[in-house]
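J.: Sequence first, then the predicted structure:
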Amino acid sequence: MPGMEDSTLTIVVGVVMVISFFCFTIWASTRYKRVGPDQALIVYGQRGTKVVTGGGTFVWPYVMEAKSLDLRPHLIEVTATESPDGEDVSATITGQVRIPSEEAWVTRAATSLIDKTPEEIQALAGEMVEGKLRTTLRATGKDAAVQNPDQVAASVQQTVEDELAQLGLQLLSCNAREVAAR
């Protein structure tokens, strides 16, 4: 029966096409990478670097790689003690640091922070703020620092912003929680 062979071949071809379609769909879905609105996806490889925030893109295997960066603000709190006038002054600064979602900021952050955990980013920013806090306490003096803690915080924020920006980080807020002579 010649008609029977044709129908069997048609069924086999149909089943193979359906299986192939499902296999391709599963493969493609594993290569499509998505990030939420508080994340950035850095796609790099043969075609250069691409930044995707709050969306998704297809990542070709063997040709491209993708890593994500967390764009949520991180709370930092640093305490420093200095002796500008021979007496110790202790200050505690709190603030929030984040990677802004603009492509230039994310690209800059990707070059220095892509393999760091949020805790490591928080610690790095905290160390930078602490260094500027120590410098500010030395320059300000004990009496001026104790009398005007907001000026200490403003000075720290102003002096650390450029260094953080080089890493792709932005200091959203900087507040002096406590400034006291010891």
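T.: Received the coordinates, thanks.
J.: C-alpha from now on. contacts and neighbour counts both.
T.: Fine.
J.: So what are the sheet partners of the helix or strand hosting Val78 and their directions?
T.: Element membership of Val78, judged by DSSP states H and E, is strand 74-82. Strands that pair with strand 74-82, judged by DSSP bridges, come out as strand 89-98 (antiparallel).
J.: Identify each buried residue in the strand it pairs with, please.
T.: Residues of strand 89-98 classed as buried by neighbour count (16 or more other Cα atoms under 10 Å): 89-98.
J.: Toward the C-terminus, what is the element adjacent to it?
T.: Counting by DSSP H and E, the next helix or strand C-terminal to strand 89-98 is helix 103-113.
J.: How far away from the center of its chain is the strand holding Val78?
T.: Taking Cα atoms, centre = their mean, to the nearest Å, one finds strand 74-82 lying 20 Å from the centre of the chain it belongs to.
J.: ditto for stretch 89-102
T.: Centre to centre, stretch against its chain (Cα atoms, centre = their mean), the figure for stretch 89-102 is 14 Å.
J.: Run the chain-centre distance for the longest helix along the chain.
T.: Among the elements of type helix in the chain, defined by DSSP state H, the one spanning the most residues is helix 2-31. Once both centres are worked out by Cα atoms, centre = their mean, helix 2-31 turns out to sit 44 Å from its chain's centre.
J.: Also stretch 129-142?
T.: 27 Å.
J.: again, but for stretch 46-53
T.: 16 Å.
J.: Buried ones in it, by neighbour count?
T.: Along stretch 46-53, these residues count as buried under the neighbour rule (16+ other Cα under 10 Å): 51-53.
J.: Extract the C-alpha set from the strand holding Val78 and format it as CSV.
T.: Listed in CSV are the C-alpha atoms of strand 74-82, where the atom choice follows Å, rounded to 0.1, in the frame of the first residue of the first chain:
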residue,chain,number,x,y,z
HIS,A,74,23.0,50.2,50.0
LEU,A,75,23.1,51.6,53.5
ILE,A,76,26.5,52.5,54.7
GLU,A,77,27.5,53.4,58.3
VAL,A,78,31.0,54.4,59.2
THR,A,79,32.5,55.6,62.5
ALA,A,80,35.9,57.3,62.7
THR,A,81,37.9,58.8,65.5
GLU,A,82,40.6,61.4,65.0
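J.: got a list of contacts for it?
T.: Identification of contacts with strand 74-82 by Cα atoms under 8 Å, 6 or more residues apart in numbering yields 88-98, 118, 122-123, 125-127, 129-130, 133-134, 137-138.
J.: now stretch 170-182
T.: Outside of stretch 170-182, the residues that reach it under the criterion Cα under 8 Å, 6+ apart are 87-100, 142, 145-146, 149-150, 152-154, 156-157, 161, 164.
J.: May I see the buried residues of strand 89-98 organised as CSV, with distance to Thr25 added?
T.: Rendered in CSV, the data for the buried residues of strand 89-98 read as follows (distance: Cα to Cα, whole Å):
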residue, distance to Thr25
Val89, 64
Ser90, 60
Ala91, 58
Thr92, 54
Ile93, 52
Thr94, 48
Gly95, 46
Gln96, 42
Val97, 40
Arg98, 36
